[in-house]
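Visitor: this one's sequence-less:
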């Protein structure tokens, strides 16, 4: 029969301040660890009819896609993502909001490149994609900075990752559609997602969470267009070679995607581990739609 008694060394470890703090963080994160962001319609889509709902634990979305029309179209033009008048006032620096919008455009461009040829002129495209940020829930930069400091400090005394503080979490809401040359809607999505204390790293910036979530939206919408079906069912797909290359800051598959700049790649990942603002590593093009190396 095994001995269920806890030895003195293990008891001291479980009762240590570091272990107690870790347990408290885990408990708090379980109780209140996600920012709630409602779905919002900003009247930027040609139609909101026929949308299918997806109410995931973190991601909420309404979407539709026409796989038949997508099959016969080969080229895509990505319009620069816009910030709605309702979303703009929530972030102090317009340059920060613009950075979030640019990440969405970049993610869309790289994502659809798995199936379509991305062109740099609207008139040359079979399909035009446009997206609008309908809400940015600001991250509390002070709390995010404290979370990073707490996590880094805890890592010195415990190998167990410490979740961020489940307060001041940010979020993002976006809507987008893909239309043909004659204006027919072949794909549409209304989407929202809040940061969570477990998987969304804390960054000391008002857009810390919105920046991280921007790529998530771009991935969901582009996956829907590439596959012609819901992006919320089935097993995760292994990223294509061009996606991996682009995510590391490499040259995109199509030159038209250079308009939105290249991913900061490894340097941004390193910066995110110590909670630095995304604006420190990701520089939006000086003119929207233009990029210089």
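Guide: Nice, thanks for sending it over. Quick caveat: nothing in here was measured; it's all calculated off a predicted structure.
Visitor: report the contact partners of the nearest residue to residue 255 once chain neighbours are set aside.
Guide: In space, and not counting its chain neighbours, residue 255 is closest to residue 120: 7.1 Å by Cβ to Cβ, 6 or more residues apart in numbering. For glycine as for every other residue, the C-beta is placed from the backbone atoms N, C-alpha and C. Listed by Cβ atoms under 8 Å, 6 or more residues apart in numbering, the contact set of residue 120 reads 77, 255-256, 259.
Visitor: PyMOL command for the buried members of the residues you listed?
Guide: Selection of buried members from these for PyMOL, criterion 16 or more other Cβ atoms under 10 Å:
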select buried, resi 77+256+259
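Visitor: ok, of the contacts of residue 120, which one's closest to residue 146?
Guide: Residue 146 lies nearest to residue 259 out of the contacts of residue 120, by Cβ to Cβ, at 37.3 Å.
Visitor: next, the buried residues of stretch 221-229.
Guide: 221-228.
Visitor: pull the residues that contact that stretch.
Guide: Outside stretch 221-229, the residues that touch it by Cβ under 8 Å, 6+ apart are 63, 65-67, 70-71, 107-108, 110-112, 114-116, 129, 131, 176, 178, 186-187, 189, 191, 230-231, 237.
Visitor: any stretches of the stretch 101-250 of the chain with poor pLDDT?
Guide: Scanning the stretch 101-250 of the chain for pLDDT under 70 picks out 148-162.
Visitor: ok so, going back, how about CSV for the contacts of residue 120, with secondary structure, distance to residue 280 and pLDDT added?
Guide: Formatted as CSV, these follow (DSSP: H, G, I helix; E, B strand; the rest coil; distance: Cβ to Cβ, whole Å; pLDDT from 0 to 100):
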residue, secondary structure, distance to residue 280, pLDDT
77, strand, 31, 98
255, helix, 27, 96
256, helix, 27, 97
259, helix, 22, 94
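Visitor: got a markdown table for the contacts of residue 120, with distance to residue 51 too?
Guide: Output for the contacts of residue 120, formatted as a markdown table (distance: Cβ to Cβ, whole Å):
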| residue | distance to residue 51 |
| --- | --- |
| 77 | 23 |
| 255 | 34 |
| 256 | 29 |
| 259 | 29 |
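Visitor: which one of the buried residues of stretch 221-229 is nearest residue 248?
Guide: Out of these, the member with the shortest distance to residue 248 (by Cβ to Cβ) is residue 222, at 18.1 Å.
Visitor: burial count for residue 103?
Guide: By the criterion of other Cβ atoms under 10 Å, residue 103 has 26 neighbours.
Visitor: widest-spaced pair of the contacts of residue 120?
Guide: The span of these, defined through Cβ to Cβ, is set by 77 and 255 at 13.1 Å.
Visitor: excluding its backbone neighbours, what's nearest the spatially most central residue of the chain?
Guide: Note on the chain: the residue nearest the mean C-alpha position is residue 213, at 2.1 Å, using Cα atoms, centre = their mean. Closest residue in space to residue 213, ignoring its immediate chain neighbours: residue 172 at 4.2 Å, by Cβ to Cβ, 6+ apart.
Visitor: beyond the host helix or strand of the one you found, next helix or strand please.
Guide: Assigned by DSSP states H and E, residue 172 falls within strand 171-180. As assigned by DSSP H and E, the chain's next helix or strand after strand 171-180 is strand 185-194.
Visitor: can you give the strand pairings for that following strand, parallel or anti for each?
Guide: Pairing partners of strand 185-194, with direction, according to DSSP bridges: strand 59-65 (antiparallel), strand 171-180 (antiparallel).
Visitor: the helices in this structure, which residues?
Guide: Ranges of helices in the chain, per DSSP state H, are 8-15, 17-31, 67-71, 94-112, 141-155, 208-227, 241-247, 265-273.
Visitor: burial of residue 95, as a residue count?
Guide: 11.
Visitor: that one and residue 194: what is the separation?
Guide: 23 Å (Cβ to Cβ, to the nearest Å).
Visitor: swap in residue 235?
Guide: Going from residue 235 to residue 194 by Cβ to Cβ gives 24 Å.
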